[in-house]
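Engineer: Got a sequence here, can you model it:
(chains A, B, C and D)
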2 protein chains.
Amino acid sequence: MIRLLLADDEGLIRGALAALLALEPDLTVVGEAADSVTAVQVALRERPDLAVLDLEMPPGDGLRAATEIRSKLGIPVVLVTRHARPAVLRRALAAGVAGFVPKTTPAARLAEIIRTVHSGRRYVDPEIAASALTEDACPLTDRELEILAVVRGGAPIAEVAAAVHLAPGTVRNYLSAAMAKLGADTRHAAAHHAWQQGWI
Amino acid sequence: MIRLLLADDEGLIRGALAALLALEPDLTVVGEAADSVTAVQVALRERPDLAVLDLEMPPGDGLRAATEIRSKLGIPVVLVTRHARPAVLRRALAAGVAGFVPKTTPAARLAEIIRTVHSGRRYVDPEIAASALTEDACPLTDRELEILAVVRGGAPIAEVAAAVHLAPGTVRNYLSAAMAKLGADTRHAAAHHAWQQGWI
DNA sequence: CGGCCCGCATGACAGATGTCATCGATTCCC
DNA sequence: GGGAATCGATGACATCTGTCATGCGGGCCG
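Structural biologist: Here you go, the predicted model:
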């Protein structure tokens, strides 16, 4: 019997996934959580064999919870996400996640994936993995990404500069470089693009 | 026995919801679809008693499918959405949707809601309904919304003007008005805000 | 009819933004 | 130590953007 922790901020989805997994005789959900902080707490209390986490989960994201659960309990983590892009996959694997499942995956496959991961192997969505190998990596530097992340909310440059502790002129330089690399006309278009690619 | 159509573009969610609903003895899923066009086709073929549709579903959105299914089959539609804001609720109700369920709803409630709607009554998430009554309506005009929708992708003003067939100066005027109403510093912040509120 | 409001457009102007050349400080490597 | 590379910053300049005042035409209502 594989004991699972299930975390997703959307109650309907969390409950539906629980119902789906309850159909499997060898799986049992021993804990649920609606945010990443609770997820870690419940994991420490229930000591599940494996954790299934939604990536899009406040506060921050599920990746932090995944890292923490892995370091504190040493159990494998399966990450479920709607935003399945190569860059996201890279970050997830870097964080030591054992399973990477887009929400477009057929529901019937989830149980097998969980068993695969529980047995010590890894599972990565083949389509995303293929893209990750063929697609170019993100051409942006860390600073450029950091700045674009702030820009995404629509903030004017002065605010961005304050947020990242840089001079406004410097921010404009970084944005100029990022826009050139991305072929974007405005910093907002660049931020939009970077987000769609999963870079920020 | 209530015969259901289930449409959601995310296979994992669709399958999980099917598993959840299959637990109820009086509910049966007779058709599934992964996009709004297929949803209408399947509905016409299977003639379900009720349709459960995800709002965020390509192409366009689930609202179009909801309207079409209602007009062609006359059956009640339950709309499930992640983006539950008062403005979205208003649009859904205007389209004749009988049930409005945020994805944060506890999973256990979905079956009751479906029964309620099937019996001819309506169900609207109480929290969203309360906000819809107390919150101010959208202060933006149709043109302002149309323009903000184009702006959201990060396009420069010239492109926006071309997209909506207006002079660039006029676009700036509309944006200026919208930004004033929304208290935003830039058109991008305004577009971001309008989207968060579900206005575009 | 005449006034009035509204949608659309224009022009002018200040301030924000994108581009570019350059410079100081730090680090790394030979 | 010298030199190259990198990061952060500055200043100048052309453009783009946001604001405001204004004008034109078409409905609407008294």
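Engineer: Need the contact partners of the helix or strand where residue A:80 lies.
Structural biologist: Assigned by DSSP states H and E, residue A:80 falls within strand A:77-81. Applying CB atoms under 8 Å, 6 or more residues apart in numbering or on different chains, the external contacts of strand A:77-81 come out as A:8, A:50-56, A:62-63, A:66, A:69-70, A:88, A:92, A:96-103, A:113-114, A:117, A:123, B:12. No exception for glycine: its C-beta is placed from N, CA and C like everyone else's.
Engineer: For ChimeraX, write the selection for the buried entries among those residues.
Structural biologist: Typed into ChimeraX, the line below selects the buried ones among the contacts of strand A:77-81, using 16 or more other CB atoms under 10 Å in any protein chain shown:
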select /A:8,50,51,52,53,54,55,62,63,66,69,70,88,92,97,98,99,100,101,102,103,113,114,117,123 /B:12
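Engineer: Filter the contacts of strand A:77-81 down to the ones in strands?
Structural biologist: Among the contacts of strand A:77-81, the members found in strands (DSSP state E) are A:50-54, A:99-102, A:123.
Engineer: Could you grab the helix/strand/coil label for the residue of chain A most remote from its centre?
Structural biologist: Most distant from the centre of chain A: residue A:169, at 32.3 Å, with distances by CA atoms, centre = their mean. Put simply, residue A:169 is helix when judged by DSSP: H, G, I helix; E, B strand; the rest coil.
Engineer: Report the separation between it and DNA strand C.
Structural biologist: 7 Å (CB to the nearest atom of the strand, to the nearest Å).
Engineer: what's the pLDDT at that residue?
Structural biologist: Residue A:169 is assigned 89 on the pLDDT scale.
Engineer: what about the strand holding residue A:80, average pLDDT?
Structural biologist: Averaging pLDDT along strand A:77-81 yields 96.
Engineer: Identify the farthest-apart pair in the ones in strands among the contacts of strand A:77-81.
Structural biologist: By the measure CB to CB, A:50 and A:102 form the most distant pair in the ones in strands among the contacts of strand A:77-81, at 18.5 Å.
Engineer: when you check chain B, which of the ones in strands among the contacts of strand A:77-81 turn up near it?
Structural biologist: Restricting the ones in strands among the contacts of strand A:77-81 to those touching chain B (CB under 8 Å from any CB of the partner chain) yields A:101-102.
Engineer: for the ones in strands among the contacts of strand A:77-81, which one is nearest DNA strand D?
Structural biologist: Closest approach to DNA strand D among the ones in strands among the contacts of strand A:77-81 (CB to the nearest atom of the strand): residue A:100, at 29.0 Å.
Engineer: need the contact list for the closest one.
Structural biologist: Per CB under 8 Å, 6+ apart, neighbours of residue A:100: A:78-79, A:81, A:84, A:89, A:92-93, A:123-125, A:128.
Engineer: So which of those is surrounded by the most neighbours?
Structural biologist: For the contacts of residue A:100, neighbours were counted using other CB atoms under 10 Å in any protein chain shown, and residue A:79 has the most, 27 neighbours in all.
Engineer: looking at the sheet around it, what are its partners?
Structural biologist: residue A:53, residue A:100 (DSSP bridges).
Engineer: Check what pLDDT the spatially most central residue of chain A gets.
Structural biologist: By CA atoms, centre = their mean, chain A has its centre lying nearest to residue A:55, at 3.9 Å. Residue A:55 is assigned 94 on the pLDDT scale.
Engineer: again with residue A:136
Structural biologist: pLDDT, residue A:136: 65.
Engineer: what's the answer for residue A:180, then?
Structural biologist: For residue A:180, the pLDDT comes out at 89.
Engineer: Touching, residue A:193 and residue A:185? I think so.
Structural biologist: No - at 10.8 Å, residue A:193 and residue A:185 do not qualify as touching, with contact defined as CB atoms under 8 Å.
Engineer: Between the two, which has more neighbouring residues?
Structural biologist: Set residue A:193 next to residue A:185 and count neighbours by other CB under 10 Å: residue A:193 wins out with 19 against 14.
Engineer: how about the nearest residue to the more buried one, chain neighbours excluded?
Structural biologist: Leaving aside its chain neighbours, residue A:193 sits nearest to residue A:182 (5.2 Å; criterion: CB to CB, 6 or more residues apart in numbering or on different chains).
Engineer: With residue A:24 instead?
Structural biologist: residue A:111 (4.6 Å).
Engineer: which parts of chain A sit against DNA strand D?
Structural biologist: Contact residues (CB under 7 Å from any atom of the strand) of chain A with DNA strand D: A:141, A:143, A:166-167, A:169-170, A:172-173, A:186.
Engineer: Okay, domains of chain A per the record?
Structural biologist: Using automatic domain parsing, the domain ranges for chain A come out as A:2-134, A:142-196.
Engineer: Compare the ones you listed and say which comes out lowest on pLDDT.
Structural biologist: Among those, domain A:142-196 scores lowest, at a mean of 89.
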